[in-house]
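# A structural model of the following input is requested.
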Amino acid sequence: MKFKRIFVLFVISLLTQVTTAQEGLPIYTDYLTDNYYLIHPSMAGIADCSKIRLTARQQWFGQDDAPKLLTMSVNGRIGETKSGVGAIFYADKNGYHSQNGAYLTYAHHILFSRNFVDLNMLSFGLSAGAIQYKLDETSFLSEGFDPIIAGIEQSSTNFNVDIGASYHFLDFYAHATVKNLLNNDGINNDIEITSNLRRYLFSTGYVFHKLGSEWSYEPSIMFQYKDGTGESSIDVNGKVYKKMEFGKLWGGISYRRSLDGAEYLDGSGVSSQKLQHFTPILGMDYNDFVFAYTYTYQSNSLVFTNGGFHQITLGYNFNCRRERYDCECPAVN
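Below you'll find the predicted structure:
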């Protein structure tokens, strides 16, 4: 029975896709809260405004040492040039594991349009940074000596880079990014799964609108693949925008589905399930401020807890230029 409980908890940890040490910046749905730069370095400085975004994510309220994530990102154009810069700082904690990271980004944007009205732009971005991993083993030896446990707080710092490209044509966009391009040593450098953190991200979408209408609609998808584990998942998203006198109201929903199943013992045999997340999104642009809230619900039969994942995003736009592009492209205009 003890082995069964351990096995089930292990499977749950895989299915919930909770970030562990050496995972790098985890990929949730915060990119949908006007924060694509957080996952795609080629988006640095692409917008008409410089942007600051703060996010706070808390999972499983009421559970001790539940995962939590804090991020801060800032990006903007370098004057009137075709280049942009940005920075990302984050702190991620999950039980005994924690990590702190910082990245700096440079992006270059190539405009193919005949003028600054019709958007037709290809962008490239490179982020470089360091991640400090920590594993707190100080409470692991409460039941006696174990030769593989040091009983201390272990830490390690690694350098890594992300590269990516984006293409915007009127109301259409597409992004491709490779995160954690380099292999890491990390704390568990004898385990291949933790040294290869390479992750491939592909996302695309389109904004539909009628001339003169206050409403616009944005369906999008994102596919991600983890090279070290062979895991893959897809996000199917839908957002709605309404222009207001003070700015814009928007909302939507995101559905994440793992393409890989996992087996678990259910008492009478072996069953399997695939990760499923539903995330409603609510947001508001009030003048130069951005507010957003997301709630993620895991709809699997086997879960760690019924509590969801709450996330708040606060943002501020500054150094804004006049909207130059004749498109409903919220990530750019």
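# so what's H40 up against?
For H40, the contacting residues are 31, 125, 164, 166, 175, 177, 201, 203, taking Cβ atoms under 8 Å, 6 or more residues apart in numbering as the criterion. No exception for glycine: its C-beta is placed from N, CA and C like everyone else's.
# any idea how far it lies from G228?
With distances defined as Cβ to Cβ, to the nearest Å, the gap from H40 to G228 amounts to 21 Å.
# quick one on the thing from earlier: filter the contacts of H40 down to the buried ones.
Applying 16 or more other Cβ atoms under 10 Å to those, the neighbour count classes 31, 125, 164, 166, 175, 177, 201, 203 as buried.
# between these, which is nearest R114?
The shortest separation between R114 and any of these is 20.3 Å, and it belongs to S166 (by Cβ to Cβ).
# so which elements touch the helix or strand harbouring that closest one?
Using DSSP states H and E, S166 falls within strand 153-169. Taking 3 or more Cβ pairs under 8 Å, 6 or more residues apart in numbering; DSSP states H and E as contact, the helices and strands that strand 153-169 lies on are strand 120-136, strand 172-179.
# can you pull the buried residues of the first one?
Put plainly, it is strand 120-136. Using 16+ other Cβ under 10 Å, the residues of strand 120-136 that count as buried are 121, 123, 125-129, 131, 133-135.
# in three-state terms, label the closest residue to F309 other than its chain neighbours for me.
Taking Cβ to Cβ, 6 or more residues apart in numbering as the measure, F309 lies nearest to T296, with 3.9 Å between them; neighbours along the chain are not counted. Look at T296: counting by DSSP: H, G, I helix; E, B strand; the rest coil, its state is strand.
# CA atoms only for whichever strand or helix holds Y241, dumped as PDB, please.
Using DSSP H and E, Y241 sits in strand 232-243. Written as PDB, here are the backbone C-alpha positions of strand 232-243 (Å, rounded to 0.1, in the frame of the first residue of the first chain):
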ATOM      1  CA  SER A 232       4.100  17.700 -25.600                       C
ATOM      2  CA  SER A 233       0.900  19.700 -25.100                       C
ATOM      3  CA  ILE A 234      -1.300  22.100 -27.000                       C
ATOM      4  CA  ASP A 235      -3.200  25.200 -25.900                       C
ATOM      5  CA  VAL A 236      -6.400  26.100 -27.700                       C
ATOM      6  CA  ASN A 237      -7.400  29.700 -26.800                       C
ATOM      7  CA  GLY A 238     -10.200  32.200 -27.600                       C
ATOM      8  CA  LYS A 239     -10.300  35.800 -26.600                       C
ATOM      9  CA  VAL A 240     -12.900  38.600 -27.100                       C
ATOM     10  CA  TYR A 241     -12.100  42.400 -26.900                       C
ATOM     11  CA  LYS A 242     -14.500  45.300 -26.600                       C
ATOM     12  CA  LYS A 243     -13.300  48.900 -27.000                       C
END
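# neighbouring strands of that strand in the sheet, and parallel or not?
With DSSP bridges as the test, strand 232-243 is paired with strand 215-226 (antiparallel), strand 247-265 (antiparallel).
# quick one, which of the ones you listed gets closest to L111.
Distances from L111 to each of the strands paired with strand 232-243 were compared using Cβ to Cβ; the shortest belongs to strand 215-226, at 22.5 Å.
# before we move on, the earlier item: closest to Y286 out of the buried ones among the contacts of H40?
In terms of Cβ to Cβ, no member of the buried ones among the contacts of H40 lies closer to Y286 than Y31, at 20.8 Å.
# what residues are up against that closest one?
Remark: with contacts taken as Cβ under 8 Å, 6+ apart, Y31 is in contact with 38-40, 203, 222.
# each with direction, which strands does the strand holding S166 pair with?
With DSSP bridges as the criterion, the sheet partners recorded for strand 153-169 are strand 120-136 (antiparallel), strand 172-179 (antiparallel).
# next, count neighbours for G212.
The number of residues packed around G212, counting by other Cβ atoms under 10 Å, is 5.
# how close does it sit to C327?
Per Cβ to Cβ, G212 is found 15 Å from C327.
# picking up where we left off before, which one of the strands paired with strand 153-169 has the lowest average pLDDT?
The stretch with the lowest mean pLDDT among these is strand 120-136, which comes in at a mean of 91.
# could you list the alpha-carbon positions for that one in CSV?
Written as CSV, here are the backbone C-alpha positions of strand 120-136 (Å, rounded to 0.1, in the frame of the first residue of the first chain):
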residue,chain,number,x,y,z
ASN,A,120,4.2,43.2,-42.3
MET,A,121,7.1,42.5,-39.9
LEU,A,122,9.6,39.7,-39.2
SER,A,123,11.3,39.8,-35.8
PHE,A,124,14.2,37.9,-34.2
GLY,A,125,15.1,37.7,-30.5
LEU,A,126,17.8,36.4,-28.2
SER,A,127,17.6,36.1,-24.4
ALA,A,128,20.5,35.2,-22.2
GLY,A,129,20.4,34.7,-18.5
ALA,A,130,21.2,32.8,-15.4
ILE,A,131,19.1,30.5,-13.2
GLN,A,132,19.9,29.6,-9.6
TYR,A,133,18.4,26.3,-8.4
LYS,A,134,18.0,25.3,-4.8
LEU,A,135,17.1,22.0,-3.1
ASP,A,136,16.4,22.2,0.6
